[in-house]
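J.: Pasting the sequence and the predicted model now:
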Amino acid sequence: MKTDIFKYFLLTSICFSSCVSAQAMSLEEYIAQENPQDAPYIAQAIYDTSSMYGVDPLVMASIFYVESRYHNNAVSPAGALGIAQLMPGTASDLGVNPYDIYQNIEGGTRYFKELLDSQNPSDPYRYNLALSSYNAGPGNVNGYSPTYTYDYIRTVTDVYNDIVQHVDPTTPVKSTPRLEYTPSSDSQVWTYHKKSKKERLAKAIHKLKDEKKHGRARERY
């Protein structure tokens, strides 16, 4: 598959424009359409962590919408967890508790930022590559987006376009109750051994090589 085939799905809308509709809502109100109970906290967590890592909060809001519709109890068939849909191994490597809303969002935002930073900064398609890496794993992306990630890129792009048209990112969050994670007696005890970005990338590449060697298809999550 030629490298330039995926370019049709370029995130041309990621220009950080301040142009929004006259009927703009806050990010909290947008999220509340899917998860009214946790919307204030989720919106504030997205703003806080996006600012922390220098990422457009509306890009992260788009990714999290596609991943989980902003529900931290979401679990994929492959076992990805929470709003950011972090695989347990990825969450462990990032040193976050995926069952905690803030940590899940922080981990997902930091992970996407690392994937974006791993691309050539002058490559106009770096957002595509970062999204493909988020969706399929960085070991499956080597200079071009796999065809099976095209729908994911296109869906995130469509959601981003919708959010940009309806959300005013300058509108403050009305309230931000701090939600603390308190494990119940039957909850999984979460332990982790935080790895560096270099170690996580090396782990992903090693896993891909191992799967290719044994003829196994890598899971999408």
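T.: Thanks, I have the structure now.
J.: And the pLDDT for the closest residue to residue 32 other than its chain neighbours?
T.: Closest residue to residue 32 apart from its sequence neighbours, by Cβ to Cβ, 6 or more residues apart in numbering: residue 39 at 3.8 Å. Every C-beta, even on glycine, is put in place using the N, C-alpha and C of the backbone. pLDDT for residue 39: 96.
J.: residues of stretch 82-92 that come out buried?
T.: With burial defined by 16 or more other Cβ atoms under 10 Å, the residues of stretch 82-92 counted as buried are 82, 83, 84, 85, 86, 87, 90, 91, 92.
J.: Same list, these, but as JSON lines with distance to residue 33 please.
T.: Listed next are the buried residues of stretch 82-92 as JSON lines, based on distance: Cβ to Cβ, whole Å:
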{"residue": "82", "distance to residue 33": "19"}
{"residue": "83", "distance to residue 33": "15"}
{"residue": "84", "distance to residue 33": "19"}
{"residue": "85", "distance to residue 33": "19"}
{"residue": "86", "distance to residue 33": "23"}
{"residue": "87", "distance to residue 33": "27"}
{"residue": "90", "distance to residue 33": "28"}
{"residue": "91", "distance to residue 33": "27"}
{"residue": "92", "distance to residue 33": "32"}
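J.: Of these, which belong to strands?
T.: Among those, the subset assigned to strands under DSSP state E is empty.
J.: which of these sit farthest apart?
T.: Farthest-apart pair in these is 83 and 92; separation 17.2 Å (Cβ to Cβ).
J.: rewinding a little: which residues does the residue nearest to residue 32 contact?
T.: 28, 29, 31, 32, 70 (Cβ atoms under 8 Å, 6 or more residues apart in numbering).
J.: same question, residue 96
T.: Residue 96 neighbours (Cβ under 8 Å, 6+ apart): 86, 103, 104, 106, 107, 192.
J.: which of the residues you listed has the weakest pLDDT?
T.: Sorting the contacts of residue 96 by pLDDT puts residue 192 at the bottom of the list (41).
J.: quick one: low-confidence ranges for this protein?
T.: With pLDDT under 70 as the threshold, the chain has low-confidence stretches at 1-23, 173-221.
J.: And residue 105, how far from residue 149?
T.: Going from residue 105 to residue 149 by Cβ to Cβ, to the nearest Å gives 22 Å.
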